[in-house]
Structures are given as C-alpha cells and as structure tokens.
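Undergrad: how would this look folded up:
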Amino acid sequence: MNEPTRAAPHAGFVPRFAAALQFLTRLPLPRTARFSEALLNESARHFPAVGALIGLLGTAALAAALAALPATVAVLLAIAVTIAATGALHEDGLADTCDALGAGCDRTRALAIMKDSRIGSFGALALALRLALEAAAVGALLERGVLAACALWVAAHGLSRLAPVLLIATLPYAGDLEAARARPLARPLARTTVAVALLWAAALLSAASMVASAAALAAVGALAAVTLALRRGLARWLGGYTGDTLGAAQQLSLLAMLLAAAAVPR
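TA: Coordinates of the predicted model:
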C-alpha cells in the first residue's frame, strides 16, 4: 500500500482551503500562493466546502437569471456557471469513465482509455444525459420555491465532493502512481482529513434540512447508495480508483441527490 503523504508543516485552514480551491476550481488565487503535494493531500478535507461554494455561485446566477428569464433558461445558465467555475473537471472524469465502461474491456485497456483525452460516444451521451437530468431536477426543485431549490442545490454540490474523499479513503489507487496527474490525491488520506470532510458534509446537511428536511434526507440516502455502489464496482472493475473515476463519482452523486430530492413530495 502507498504511504500517506507527510503532513504539510504549519498548514492551517487558509492554505488548505486555498489548495482545495486551486485544485477543484478555476477561481483566481493570489500569485504568491504556494502549494505542495502534502498540502494538496490535506486539502481534501475542504472539498465539500469548496463544492458548496461552487453551488453558491450557481444559485446566485440562478436567482439573478430568474428575474428576467424563464425558469428553464435560468437553470441552464446557472449550470453553465458551475461548469465554468470548475473548468469541467468532473465532467471530463465522467466522460472518460463512461467511455472505458462502455468499451467493455479489461482493467489494462480501461485505464488506457481513461488516459485518452478524446471523448467517445459513451462519454458524450453520459454528459448530455447528466446535464439534461440535472436541469430537469433543479427545475422540479424550483416548484418548492427558490429558497428550497437553492439550499438543496448548494448542499448537493458540497456533499457530492464527499464521495471522492470517501473513495480515496477506502480504496487503493488503481493507476500508475508516478504518472498520476494529481499524485497527492493518489495517496491515502489521514483520518483527520476524512473527519473534517464529514463535518463539512454534516453542516451542509443541517443547513439544507432547515429548509427542506425530507428532501435533504432523501439526498443523503442517494449519496450513500451511489458511493457504496461505486466503491464496490470500482474495486471489482479496476481494483481501486483513478482521478477520472473520482470525477465520475462527484457527477453521479450530484445527480442522484438532486433526483432523490426532487422525487420527494412537497
């Protein structure tokens, strides 16, 4: 098993959170910021918080667009904002993972397909369906009211970033460690890192529950089901996770939570 990355000396909340922002988003950071492998490994504790920030950007765009545009158009524009904020990082992982799955090949070939930057038919279809279903789910949540929809969408964005953290914590890395694009996240996470990520997730769940408790609980149930299913499937298929499968886990978790929340009667 790979050895955990050594802790970053004197790293506090700000550098760890900034490292998580740098990895998960395209948001501008000061040029003076310096990041190490150890810091990026520890920054995983703040992935749910960064996810919530991305959700806040999307909901701000949604609220602004609803003032002048039909709901369908406003939702699509808001989703575009969240994608722009991340540089389609997670969408790329979903597409590559689905291309590898669709090929029906063995582990070695699947890993090679995921390294290919081109998107195939399965990846393109997966992206189109995921985006369409997210738009439909957010539109359905709007029927509960803008506040409830925004609260659930922010929580879903944050909680969906917990799924990759749990997969890293419970599975080995399946690819070539030396060739990994995000090598620090191909190493085991400290228990403290996982615990802090869980605390962020609990805070987001509590906030969403204050607005729509039943829908929030349904969303968490969907997150747990998807994460467990992915863990079992990745262990059997690849013997672990890769960066692309972490992106796919975020995308599928987000979609499952939104659909589960939308399915709860008002």
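Undergrad: other SSEs contacting the helix or strand containing residue 260?
TA: Here residue 260 sits within helix 243-263, counting by DSSP states H and E. Helix 243-263 sits against helix 89-102, helix 121-141, helix 146-160, helix 162-170, helix 191-237, with contacts defined as 3 or more Cβ pairs under 8 Å, 6 or more residues apart in numbering; DSSP states H and E. Bear in mind the C-beta positions are built from the backbone N, C-alpha and C, glycine included.
Undergrad: go through those helices and pick out the most buried.
TA: helix 146-160 (a mean of 25; mean count of other Cβ atoms under 10 Å).
Undergrad: that one to helix 121-141, inter-axis angle?
TA: Interaxial angle of helix 146-160 relative to helix 121-141 (axes from the mean of the first three to the mean of the last three Cα atoms, to 10 degrees): 140 degrees.
Undergrad: show me what helix 146-160 is in contact with.
TA: Helix 146-160 has contacts (Cβ atoms under 8 Å, 6 or more residues apart in numbering) with 48-49, 51-52, 54-56, 58-59, 62-63, 66, 82, 138, 141-142, 200-201, 204-205, 207-208, 210-212, 215-216, 219-220, 223, 250-251, 253-254, 257-258, 261.
Undergrad: swap the cut-off to 6 Å and go again
TA: Here helix 146-160 makes contact (Cβ atoms under 6 Å, 6 or more residues apart in numbering) with 48, 51-52, 54-56, 59, 141-142, 201, 204, 208, 211-212, 215, 219, 223, 250, 253-254, 257-258, 261.
Undergrad: quick one: distance of it to the chain centre.
TA: With Cα atoms, centre = their mean, to the nearest Å as the basis, helix 146-160 stands 13 Å off its chain's centre.
Undergrad: try stretch 218-231
TA: Distance, stretch centre to chain centre, for stretch 218-231: 13 Å (Cα atoms, centre = their mean).
Undergrad: which ones are touching the residue lying closest to residue 256 once chain neighbours are set aside?
TA: Among residues not flanking residue 256 along the chain, residue 222 sits closest, at 4.1 Å (Cβ to Cβ, 6 or more residues apart in numbering). Residue 222 sits next to 256-257, 260 when contact means Cβ under 6 Å, 6+ apart.
Undergrad: distance check, residue 222 against residue 123.
TA: Per Cβ to Cβ, to the nearest Å, residue 222 is found 23 Å from residue 123.
Undergrad: likewise for residue 69?
TA: Residue 69 is 30 Å from residue 123, by Cβ to Cβ.
Undergrad: swap in residue 221?
TA: According to Cβ to Cβ, residue 221 and residue 123 sit 28 Å apart.
Undergrad: same question, residue 173
TA: Distance, residue 173 to residue 123, by Cβ to Cβ: 22 Å.
Undergrad: before we move on, the earlier item: most neighbours of all the contacts of residue 222, which one?
TA: Greatest neighbour count in those, by other Cβ atoms under 10 Å, goes to residue 257: 29 neighbours.
Undergrad: for that one, which non-adjacent residue is closest in space?
TA: residue 219 (3.8 Å).
Undergrad: and what of residue 214?
TA: Leaving aside its chain neighbours, residue 214 sits nearest to residue 264 (5.0 Å; criterion: Cβ to Cβ, 6+ apart).
Undergrad: likewise for residue 131?
TA: Nearest to residue 131 is residue 79, by Cβ to Cβ, 6+ apart, at 6.6 Å.
Undergrad: done for today, thanks.
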